[in-house]
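1. Structure of the sequence below:
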Amino acid sequence: MATKKAWEGISKGVIEEVQKWGSLKQTGVSLRYMMEFGSRPTPRNLLISAQFLHKELPIRIARRALELESLPHGLSFKPAILKVRDWYLDSFRDLRSFPSIKDNIDELDFTQMIKLIKVRHNNVVPMMALGVQQWKKDLNPKLVYEDLDEIHQFLDRFYLSRIGIRMLIGQHVALHDPDPPPDCVGYIHTKMSPVEVARSASEDARSICLREYGSAPDVNIYGDPNFTFPYVPTHLHLMVFELVKNSLRAVQEQYMDSDKVAPPVRIIVADGLEDVTIKVSDEGGGISRSGLSKIFTYLYSTAKNPLDEQSEIDLDTATTMAGYGYGLPISRLYARYFGGDLQIISMEGYGTDAYLHLSRLGDSQEPLP
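-> Have a look, this model is predicted:
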């Protein structure tokens with residue numbers, strides 16, 4: 001009944017089409033395949049890539065639209081969630097109404113269209129967060145968030161799928177660059193230095209900390225800057241930025257009223273045979289064991305709920321030190337997308353170590369929720 005109500009105002013034809021495509025099997029690709037295929041962006045390869053996306057994207061988008069319709073505890077009916085659902089349905093319609101791609105003129109038109117789809121979905125994360133916040137405000141306060149596993153699992157699937165959709169579109173679009181940067185194949189940098197990316201992400205995180213608190217702890221980076229491996233620098237930047245930002249905030253708040261000098265945040269980059277591991281260590285007081293179980297949920301943040309301070313969130317405002325509490329769970333999904341992981345180990349009363357594992361092999365298939 002709830003699902004029926006959520007589909008109100010949408011034509012029967014669209015609903016049937018979404019249900020049909022949402023039941024089809026998704027096809028995953030690996031980092032290595034994207035890199036090898038994209039290293040020769042000939043017109044023929046771009047055509048093959050567009051034809052693949054023309055079939056694959058509607059399947060992935062339909063699956064998410066169906067899930068957005070059938071969320072538990074009334075989440076599907078929150079205004080922000082309905083807005084995201086409409087973005088997914090619009091994109092599904094755009095893809096399905098695009099005729100079959102027969103030549104390179106069709107391919108260029110298709111590329112322009114999926115570029116616009118990617119832009120349409122730019123604000124999905126803050127808009128979903130807004131929906132969850134709207135829903136939390138109406139929740140029975142006696143409900144234990146950890147019991148709402150269904151919501152956590154849905155959001156994990158939803159955001160993991162979004163990472164995949166944006167990677168596929170972004171990679172295809174970037175392969176059209178007539179003058180790509182050296183060693184870059186679309187989004188993938190074949191000789192990425194994790195130390196350099198960590199340095200850049202740390203500088204960004206420190207500048208936000210300076211803006212928010214007026215000062216920021218130092219960040220010391222240990223590792224060989226000449227060591228490189230193939231990865232997506234924007235993904236790594238996002239993950240390290242999030243971890244360093246959390247550490248800077250913890251240290252800053254721990255030492256704000258102290259005469260002692262705030263200890264630095266330390267980043268160690270190690271290259272193993274299977275994994276490249278980046279450890280971010282701080283002495284920011286740590287997290288209690290009871291709190292540790294909550295840090296990867298989407299329903300918990302040590303930051304103030306933005307909706308308590310203002311009724312409307314401006315989606316274009318700059319990142320704050322502690323956004324929606326989505327940084328850690330989404331960073332872990334970015335790590336897992338290419339076969340890595342993120343682990344947090346904490347000593348309450350001392351500090352926290354975050355271990356970011358990145359697979360060096362690049363041959364694990366995309367996880368397809």
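2. Please count neighbours and contacts with C-alpha atoms only from this point.
-> OK.
3. where in this protein is pLDDT low?
-> Along the chain, the model assigns pLDDT under 70 to residues 1-9, 140-147, 300-325.
4. try it again with 50
-> Confidence mapping of the chain against pLDDT under 50 gives the ranges 1-3, 304-309, 311, 313, 315-322.
5. Helices of the stretch 151-300 of the chain, start to end?
-> Along the stretch 151-300 of the chain, counting by DSSP state H, counting those that start in this stretch, helices occupy 194-213, 233-255, 289-292.
6. ok, residues contacting stretch 149-159?
-> The set of residues that contact stretch 149-159 without belonging to it, under Cα atoms under 8 Å, 6 or more residues apart in numbering, is R64, E67, L71, P72, V125, T297, Y298, P329, I330, L333, P369.
7. what's the closest of those residues to R249?
-> P329 (17.5 Å; Cα to Cα).
8. Chain neighbours aside, what residue packs nearest to the closest one?
-> If you skip the residues right next to it in sequence, P329 has F296 as its closest partner in space, 4.7 Å away by Cα to Cα, 6 or more residues apart in numbering.
9. what's the span of stretch 187-201, first residue to last?
-> Its first and final residues considered, stretch 187-201 spans 17 Å by Cα to Cα, to the nearest Å.
10. Just the buried positions in it, please.
-> Using 16 or more other Cα atoms under 10 Å as the burial criterion, the residues of stretch 187-201 that qualify are 187-199, 201.
11. how about TSV for these, with distance to I345 added?
-> Compiled in TSV, these are given as follows (distance: Cα to Cα, whole Å):
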residue	distance to I345
Y187	31
I188	30
H189	30
T190	31
K191	30
M192	27
S193	25
P194	21
V195	22
E196	25
V197	23
A198	20
R199	22
A201	21
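12. Tell me the one of those nearest H176?
-> Of all these, H176 sits closest to Y187, with 11.4 Å by Cα to Cα.
13. tell me the contacts of the closest one?
-> With contact set as Cα under 8 Å, 6+ apart, Y187 has these partners: M167, G170, Q171, A174, V232, P233, T234.
14. do the same with R64
-> With Cα under 8 Å, 6+ apart as the criterion, the residues that contact R64 are Y88, F158, S161.
15. burial count for the last one?
-> It refers to S161. In terms of burial, S161 registers 22 neighbours under the definition other Cα atoms under 10 Å.
16. what do you get for the first one?
-> Counted by other Cα under 10 Å, the residues lying close to Y88 total 25.
17. winner for burial among the helices of the stretch 151-300 of the chain?
-> Here the criterion is mean neighbour count by mean count of other Cα atoms under 10 Å, and of the helices of the stretch 151-300 of the chain the winner is helix 233-255, at a mean of 22.
18. all strands for the stretch 201-350 of the chain, in order.
-> Counting by DSSP state E, counting those that start in this stretch, the stretch 201-350 of the chain has these strands, from start to end: 219-222, 229-231, 265-271, 275-282, 341-347.
19. Please determine how far E283 is located from V240.
-> Counting by Cα to Cα, the separation of E283 from V240 is 17 Å.
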